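Participant: Model the structure of this input:
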Amino acid sequence: MAYKMVFSDMDGTLLNSKHQISPTTSQAIQNIMRKNIPFIPVSARPPYAILPYMEQLCNDNEIICYSGALILDKNLTALYSITLENTLLPQLERILDHNPALSVSYYSHLDWFSTNLNSSWIKQESEITGLIAKEKPQHLSNIHKILLMGDAAYIERIEPLLKQQFPQLAIHRSKKEYLEIMNKAATKANAIQFMAQRAAVDKADIIAFGDNFNDLDMLQYVGLGIAMGNSPDEIKRLAKQITATNDEDGIALSLKQIFSLSS
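Facilitator: Reported below is the predicted structural model:
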């Protein structure tokens, strides 16, 4: 099979546990790009938390941010943007902003806002992404994503309650302690579909790598959806292939096999 595009989640997939791209994985990606096969990140991260890795890979392809809600070209021009309905924001703010068990972040284009800049969750996220959150203004609009961070047990309890109250929204965990809220049309699969149509590539000719529940739709959409070895069992069951973990160069191993790359 001659695959023509590769898409990859970042945290838990492209990045190892130290939030780095290993030299082995970097080399494999650069090798396929030399074959004119684009490697495009599809991440829950905001744009500025993706760009340093693109620079490391010498990759000037598009980036898919906020789990599919925003696609930017190399000049950070928006090619595709799906935001939460502004009419829903006041309802969400009333429920979320004054909940002491949650750290709440709002993302709009290149900006990250938070209701509590001193939260340990915000500080941790800042260390992971290298970004600094801004104080949330009184009135916000054009929000691509709301991120809730909190104790895993509490996130597990609040997820079904929010889904019941807001059935028109996409609400899912990107990891045990992170719950993401977005427009239902903002999915990784829809973003890949947009990119594939733009490049005139059939979805059967696309590979995607992922490790978690917010990756499942894209893993099932593309021709070859590959789950990382560190994925939950449910994701592994539903993916077409399973590779090694993100700490064992799972992406590199698969790319070398699929594209017959030399080590």
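Participant: which residues touch residue 8?
Facilitator: By CB atoms under 8 Å, 6 or more residues apart in numbering, the contact set of residue 8 is 14, 39-42, 208-210, 251. All C-beta spots, glycine's among them, are computed from the backbone N, C-alpha and C.
Participant: Who does it form a beta bridge with?
Facilitator: residue 41, residue 209 (DSSP bridges).
Participant: and it, how far is that from residue 109?
Facilitator: 23 Å (CB to CB, to the nearest Å).
Participant: Output the contacts of residue 8 in JSON lines, with distance to residue 173, pLDDT and neighbour count appended to each entry.
Facilitator: Putting the contacts of residue 8 into JSON lines (distance: CB to CB, whole Å; pLDDT from 0 to 100; neighbours: other CB atoms under 10 Å) gives the following:
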{"residue": "14", "distance to residue 173": "19", "pLDDT": "98", "neighbour count": "29"}
{"residue": "39", "distance to residue 173": "26", "pLDDT": "98", "neighbour count": "22"}
{"residue": "40", "distance to residue 173": "23", "pLDDT": "98", "neighbour count": "21"}
{"residue": "41", "distance to residue 173": "20", "pLDDT": "98", "neighbour count": "23"}
{"residue": "42", "distance to residue 173": "17", "pLDDT": "97", "neighbour count": "30"}
{"residue": "208", "distance to residue 173": "19", "pLDDT": "98", "neighbour count": "30"}
{"residue": "209", "distance to residue 173": "18", "pLDDT": "98", "neighbour count": "30"}
{"residue": "210", "distance to residue 173": "13", "pLDDT": "97", "neighbour count": "28"}
{"residue": "251", "distance to residue 173": "22", "pLDDT": "98", "neighbour count": "28"}
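Participant: farthest pair in those residues?
Facilitator: 39 and 210 (14.1 Å; CB to CB).
Participant: how close does residue 36 get to residue 160?
Facilitator: Taking CB to CB, one finds residue 36 at 45 Å from residue 160.
Participant: And for residue 50?
Facilitator: 30 Å.
Participant: Name the residue in those two with the higher neighbour count.
Facilitator: residue 50 (20 against 10; other CB atoms under 10 Å).
Participant: dump the residue contacts of that one.
Facilitator: For residue 50, the contacting residues are 10, 41, 43, 63, 65, by CB under 8 Å, 6+ apart.
Participant: Could you pull out the strands in this structure for me?
Facilitator: 5-8, 39-41, 63-65, 70-72, 78-81, 103-108, 111-114, 134-135, 145-149, 169-175, 178-183, 206-210, 224-227, 241-242 (DSSP state E).
Participant: Turn the ones you listed into JSON lines, including distance to residue 96.
Facilitator: What follows is these, written out as JSON lines (distance: least, CB to CB, whole Å):
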{"stretch": "strand 5-8", "distance to residue 96": "30"}
{"stretch": "strand 39-41", "distance to residue 96": "28"}
{"stretch": "strand 63-65", "distance to residue 96": "21"}
{"stretch": "strand 70-72", "distance to residue 96": "21"}
{"stretch": "strand 78-81", "distance to residue 96": "22"}
{"stretch": "strand 103-108", "distance to residue 96": "5"}
{"stretch": "strand 111-114", "distance to residue 96": "11"}
{"stretch": "strand 134-135", "distance to residue 96": "16"}
{"stretch": "strand 145-149", "distance to residue 96": "7"}
{"stretch": "strand 169-175", "distance to residue 96": "12"}
{"stretch": "strand 178-183", "distance to residue 96": "9"}
{"stretch": "strand 206-210", "distance to residue 96": "27"}
{"stretch": "strand 224-227", "distance to residue 96": "31"}
{"stretch": "strand 241-242", "distance to residue 96": "36"}
